[in-house]
Structures are given as C-alpha cells and as structure tokens.
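this one's structure only:
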C-alpha cells in the first residue's frame, strides 16, 4: 500500500508526534506493515521539481495513490480562492490539489483535528476560512462535501487529535493496509473506534480525586481538574490515559486540563480553556452519559464523604498524607 | 538578461517554502523567498482571554511548540509581573532544552544529511557511505536516530505530559510537580541520550566536543575517531561547505535558559564585535509582504497583521523584521557567537557564516546543553513549589523573548479589558527568511543564495539545498 502525505494549513505537529512513535524506528514499522511512503514533505528525499512531478502524476492518475493523508486545515480563503495556501512551486492552491488527488485515492485519511474539522486554524474569527476534509466544525461538509466516499465506500477517516497519538496514525494506516478497516470501525464522526470509543477519563491517575470531587484549585495541585480548571476528560473521546504519550505522559498526567482536542469544535469551547464554566456552581459539561440530577446528588454525597487525606493532597503539589497502612490481623 | 525560475516545494524543512530565483550567467542574480502559507494566529488571538494564548500559540508550530509556549508564558509573566519559583524555572529550562536538542538532532539526521546521499554526489569517495548511513527513511542513521529521539522525548512525558502541544509551561511555573522517583527516571533518560550522542553522533565525550575551541582544533579532532559529526566534517571539507552560504554576518540572540543570576546563553548582538541589543529598535517592514498597514516599519508592541490578497510588489506572507534597519541572522550559530564560544567565533572568522558553521554550531549545542540539563535536574527540589497562581490583570502588556532551536523568538502581548487586544510574534525564521524591505535590502537567506551557481533548465544544484537547509527553517513559525 502506498501513501502520499500532504501538509496543508497546520503546524506540522501531527508529523512530529508520529515521528515520536515508540516502537523502534517508525520507518521500519511502516515497512513491516507493508506501507510505502510515496512522499512525505518532512522525511522524503525528493524535493522541488521531483516532488512536483510526483504530485502531478498523483493528481492526473499516472501514479496510483492508495492512501492520501492530509495534515492541516483546508484553507478556502480569501474569498473562496484558497490563496492563503499555495503548494510551493506553482500557482494552484493546496485545496485544488487535495480535491484532485482525493477524487482518485483509494482511501483518504485526515491526520489530526485540523484536517478532520478545521481545528485550531479555524479558531477565533477563522481568518483563512479553514475547514476539515469532510467536516466544518461539527457540520458535515468541509472541503470534499458530506457525500464524499472513497472507492471502497468509506468516508474520510478522521484520525483526530491535536496532535493525534502516533499509534492512532500507525494503527489506522496498518488496518487499511491489511484491508481490515470497515465503516463499522468508525464512530459517528468518522474516527477509528479503537481510540475514539474510549474516554480520556479512563485510566486517569487522578481518579480518586474525581470520585470525591476533591478538586485542584490552581495549576500544580494534585486534585481533579474537572471542577475548576476546565478538564473535559470525562467527555473526551480518546484513550490518552491508557495508551500514554512520550513514555509516561498524558495531559492529565502533565497536570493540565484535557481540552477535548479530538472533538470537532474544541478550538472554540465558549469559555476560557482552563476555567470550568458553571451554572449555579455545577459544571456545564457533565461526564459522558451521566444524568445531571445524579451527578449533582453524587457530587454532594462524595464531597461530604471525602477522606481528609484526599482533601488535603488535592490542594498540594506533593503527597502530604500517604494512604494509611492496614495491619494484617493475626 | 536573467531568467526567472520558481522552485518549490522545498521539503525536509518544517512547513511550506518556495523560492524564486533570477538566474543570469549561470548564477543566482537575485533570490526571493516566499512563505506560501498564511493562517492568521495573531488575528485568532485577538479578543481571547490572555491564558488562552497558552493553548493557541504552541499550535503555531509542531516542532517549536514548547518554544512558543515558553515565549508566551514569559510574555504573560512579564504582563502580570510574576516570577516562577525555582523548580518552575528549572522545569521551563528542561522542557525548552529537550525540544531544542531534539530539534537539532532531527535537523541533522532527518532534514539535512540526506542531501549527501543524493545521486548528485555519486562518484565522491564518501558517497557510498553517505547512502548507507544517511539516505532518507532507509539509511542506518535515521532508523537508529528515531528510536533514540523517541526515548529522549520521554523527558516530555514526565515534564510536560506530552509533546508537541503542552499546557505545562505556565507564567507562574510548571503544572507538573516532579517527585524524587520521577527525577531519578529523568536522570536515567538523560544518561541514555548522552550515551547515544557520545557513541553515535560524536564518538567522543560531550565535554571533549564542548571544549573544541577553534577550526584548527576541530580539524585535529576530526582525525581522532568516528561518529557522524566527523563524517560530516569530511564531507564539508571535500565540498568546501565552509565557504558556502554566507549571510549578513550580523548575529542576534535574545539569550535563554535562566540560571539563578544570569542566562546560560546571554542576549546580544555580534557584528565583528559585541554590540548592545536594543529590542526597542526592532521594526517589521511589510513593503513586500501581503499585509495592509501604514508605510513605516512597526515595532511589534504596536504592530498589526491584516492580510491582503493582492498587493503591488508583495511576494511573501512573511514580514521583514529588521533591527535598527539591519538584517540579522539568528539560530544556533548566532547564539554561540553572541555567547562567545571560541569555536563559534573562530568558525566565522575570515569567510563568515557558512553552511558548515551553522551545522557544527547545532551539534556543538547538543554537547553544551545536555550537561546543563543534568545540572538543572540536580537542582530540582521535590516538595518545594512548582507554580504560583497568576493574578488576572485587565490592562497590561508584556514581552517574552527566548531562544528556540532556530533562534530568537519574541511574543508581544497587549491586554485591554481583560482580553487580548494585540498579540504579535516574530519567529526565528521570520528574521532569516524575510523578504526585502522598503530599502530593497534582501533578507538573510536571500543574501546567502545570491551568487550561487544555478541553471534555468537543469535540476536545482545541491548547494542551494544545503544553504536553505543550513538555516533549519521553520516556515510554520515564520508566518504563523
């Protein structure tokens, strides 16, 4: 299976995340999975004239593209011309190249939340009229339109995340290479279910603080980040606290809020990112599938049941009280 | 009579780059550097609460993500008039250093060296070895470096949660308190990376590399062992990369890595001799960039970013920053020249900046900074504070100046009624790859390319690739 990777209106961070794959050399891993890089702007040898020749061949069908990976938002501005991003060396905007190659590719994969939904580039006044390949925020559509399907019947596959975990990218590509990715393996937003059916909350090391609503008041506190500091881990679709990042990391493990970066529209949450919006003291964003009345009732109950150890540690940056040690009775 | 040739996309650089060459008599008569991507972060940031900048600015760039965070955190700390506690300062040094060193490694092995494996050099005595070692994606070096780099980036897992795009770097310090067992693990990761550099990259102790104090000493050192730096030095001599790619020879550094009473690498300007660095003298000229504004160059504290689709004489989305009207070069070489490292100073004696000097300066920094990281980690005190809460100010302004891998990065923020009124960013490659200014003065790369051999019809000569990549451009930062 060959793969063409193009970068559009993004930061290149998806590629850098991918290069941090922790299973030996990423290049060897791809080879082992039967994936051949036709071209990738950051790592391929071919540049300038050779690269342009290759892209033209892919666009007019002389070279078959099995998988087209797009990283970065699709910039439609100014005024629908796409002029905010030209592919270097010629006059055509990147969105034209993407449309042409996507129409011929066997599969189209959006790498990261920018090419999935628009992402950070679409934040604020969205100066460049940025969108995703098949979504514009939460609305189906985007550059290729809601009805886009590849020759096998799949929509654009959205490996969302800002950035995505390296394994999300590799596992998705490997599933395609082995012919094992079907429509039922994608969720309502076209995200591979193997990571999107999990919540960031699953495996969060702050779970005891969450259970007792023992909340961090400021950054570097050990408590739960949901009540005060904007954390959306209980609603965010990703396996970040099970798979872990860069060895032992995740946003929560790094001490800061999950901003739900795999979800469409995350870039404009309607509130400051690291402040939890509330109505009458109750966070607006409830845990996934949790009825509000039960959340309020359980929160009140668990707050009154919070052990002193958990309450005190929640407001400290290191352990003040260790869990007590029980003697085994003889 | 010159022929115009547009070349792009330049790959193995971060982001989008296109260069227009006017070619006459087999040489580049003039080069025009264009950054063909505009995203508008400075517009996106307007109206947000100041703390939201910490979510948005790292996403300017996937390779300088922490550098952008650090500059923003410094600008906010300046605006709020706060200082992080000692642990917070050390954590900021460690995260920035991890990114900067990883970037130097990535540049050398993945972006720069593969050019010597290209068929253009078939017949050179070193070519077979370069193909085996450095060929893009299949060479032994990239396949050896990726796992070592990923292992080193585990520093970020513990210090910053993840990389790229962390929120751990805050104006008041770090959100990630380290406990002693984690400090132990970080020491272990540093030790492994030291071993990799000493066996694979240098074939020598880091301290031995850091102590090389002249070109002559470097030449003598080259004969005494193996490692990829020595391979590069042999290639550089054969291809005369010490006399290729001279820019302005005016070097700038904002300084970085805060120690208790100083910076590890100080701020300054070097133009044949040390000169004071006057930040107030920075002006961004937009004569040849697609932006609307009054004619005079603007200081970033009061600068604007208003894209226009068409403009007479414009050819890039990159503004043209100038220091007191002068073009400056920034990056690892500039940083070490300003800091007074004897090898860096000696490398620019005579010819001036060159492809070889820029590459050696990056590797020199690997040898200089890793021991500093070991020291900072040793100074961390678990149990003492990591972060102070920052008060909110409705009307304020601040500046954050740091050194990213690629050079001087500055953020200027103005806050009005509790919201970001203006946010201006000048990235390292904005300096290096700027277009011409009102006076017609070409940017640093534009100067470095002028005069190089080129043909209107044949494949672009590799020397042009070397010069472009020697700056380690980051185009997504450049325009943002």
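The structure has been received and is ready for your questions. Because the structure is a prediction, the values reported are computed rather than measured. Residues are numbered from 1 along each chain as shown, chains lettered A, B, ... in the order given.

helices and strands around the helix or strand bottoming out on mean pLDDT in chain A, which ones?
Each helix and strand of chain A was given a mean pLDDT (mean pLDDT, DSSP states H and E); the minimum falls on strand A:282-283 at a mean of 88. With contacts taken as 3 or more CB pairs under 8 Å, 6 or more residues apart in numbering or on different chains; DSSP states H and E, strand A:282-283 sits against helix A:292-304. The way it works is simple: take the backbone N, C-alpha and C, and place the C-beta from them, glycine included.

Looking at chain A, which residue is nearest chain B?
residue A:254 (1.9 Å; CB to the nearest CB).

Isn't that residue up against residue B:166?
Yes. Between residue A:254 and residue B:166 there is a contact under CB atoms under 8 Å: 6.0 Å.

Could you tell me which residues touch both of those two?
Residues touching both residue A:254 and residue B:166 (CB atoms under 8 Å, 6 or more residues apart in numbering or on different chains): residue B:160.

related to what we said a few turns ago, so the residue of chain A closest to chain B, which state does it fall into?
coil (DSSP: H, G, I helix; E, B strand; the rest coil).

Now for it: which residues touch it?
B:159-162, B:166-168, B:175-176.

For the closest residue to chain A within the stretch 351-480 of chain B, name its beta-bridge partners.
Distances between the stretch 351-480 of chain B and chain A by CB to the nearest CB are smallest at residue B:387, namely 3.8 Å. Using DSSP bridges, the beta-bridge partners of residue B:387 come out as residue B:173.

which residues touch residue 287?
Picking chain A for this. Residues in contact with residue A:287 (CB under 8 Å, 6+ apart) are A:201, A:234-235, A:295.

Sorry, I should have been clearer: chain B.
Contacts of residue B:287 (CB under 8 Å, 6+ apart): B:295, B:313-314, B:320, B:436-438.

Residue B:70 contacts residue B:171, correct?
No. Applying CB under 8 Å, one finds residue B:70 not in contact with residue B:171, separated by 10.3 Å.

And the helices in the stretch 1-150 of chain A, which stretches?
Remark: helices assigned in the stretch 1-150 of chain A by DSSP state H, counting those that start in this stretch are A:13-19, A:26-32, A:48-60, A:94-104, A:113-117.

Give me the residues contacting the shortest one.
Helix A:113-117 has contacts (CB under 8 Å, 6+ apart) with A:8-10, A:70-74, A:110, A:119-122, A:130-133, A:135-138, A:142, A:156, A:158-162, A:189-191, A:261-262, A:264-267.

Just the buried subset of those residues, please.
Using 16 or more other CB atoms under 10 Å in any protein chain shown as the burial test, the contacts of helix A:113-117 include A:8-10, A:70-74, A:110, A:119-122, A:130-133, A:135-137, A:142, A:156, A:158-162, A:189-191, A:261-262, A:264-267 as buried.

where does the chain have low pLDDT?
By default, I'm working from chain A. A:330 (pLDDT under 70).

Let me rephrase: I mean chain B.
B:294-295.

By residue count, what's the longest helix in it?
helix B:355-379 (DSSP state H).

what about the residue in the stretch 101-250 of chain B that chain A sits nearest to, how many residues close to it?
Distances between the stretch 101-250 of chain B and chain A by CB to the nearest CB are smallest at residue B:161, namely 1.9 Å. Using other CB atoms under 10 Å in any protein chain shown, residue B:161 has 26 neighbouring residues.

Residue B:192 versus that one, what's the distance?
Per CB to CB, to the nearest Å, residue B:161 is found 21 Å from residue B:192.

Show me the residue at the heart of the chain, geometrically.
All of this is about chain A. The centroid of chain A falls nearest to residue A:161 when counting by CA atoms, centre = their mean (0.9 Å).

Sorry, I should have been clearer: chain B.
residue B:406 (0.7 Å).

where's residue B:366 relative to residue A:131, distance?
41 Å.

shouldn't residue A:30 be in contact with residue A:37?
Yes. With contact defined as CB under 8 Å, residue A:30 counts as touching residue A:37 (6.8 Å).

between the two, who's got more neighbours?
Using other CB under 10 Å, the more surrounded residue of residue A:30 and residue A:37 is residue A:30, with 20 against 17.

residues contacting the more buried one?
With contact set as CB under 8 Å, 6+ apart, residue A:30 has these partners: A:36-37, A:170, A:173.

got these as JSON lines, with distance to chain B columns?
As requested, those are exported to JSON lines (distance: CB to the nearest CB, whole Å):
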{"residue": "A:36", "distance to chain B": "10"}
{"residue": "A:37", "distance to chain B": "6"}
{"residue": "A:170", "distance to chain B": "13"}
{"residue": "A:173", "distance to chain B": "15"}
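
From these, list just the buried residues.
A:37, A:170, A:173.

so of those, which ones are in strands?
Judged by DSSP state E, the buried ones among the contacts of residue A:30 include residue A:37 as members of strands.

What is the nearest of the buried ones among the contacts of residue A:30 to residue B:331?
residue A:37 (28.8 Å; CB to CB).

Quick check: beta-bridge partners of the closest one?
residue A:3.

what about the strands in the stretch 51-200 of chain B?
B:169-170, B:173-174 (DSSP state E, counting those that start in this stretch).

hmm, who's touching the last one?
Meaning strand B:173-174. Here strand B:173-174 has contacts from A:219-220, A:255, B:84-85, B:87-89, B:91-92, B:95, B:159-160, B:168, B:385-388, using CB under 8 Å, 6+ apart.

Off-centre distance for that strand?
Between the centre of strand B:173-174 and the centre of its chain there are 23 Å (CA atoms, centre = their mean, to the nearest Å).

Which residue ranges of chain A form strands?
A:2-7, A:36-39, A:67-71, A:74-75, A:107-111, A:130-131, A:135-136, A:139-140, A:157-159, A:278-279, A:282-283.

out of the ones you listed, nearest to residue B:347?
Closest among the strands of chain A, using CB to CB: strand A:2-7, at 33.3 Å.

Tell me how far that closest one lies from the chain's centre.
Strand A:2-7 sits 19 Å away from the centroid of its parent chain (CA atoms, centre = their mean).

Show me what that strand is packed against.
Applying 3+ CB pairs under 8 Å, 6+ apart, one finds that strand A:2-7 contacts strand A:36-39, helix A:48-60, strand A:67-71, helix A:94-104.
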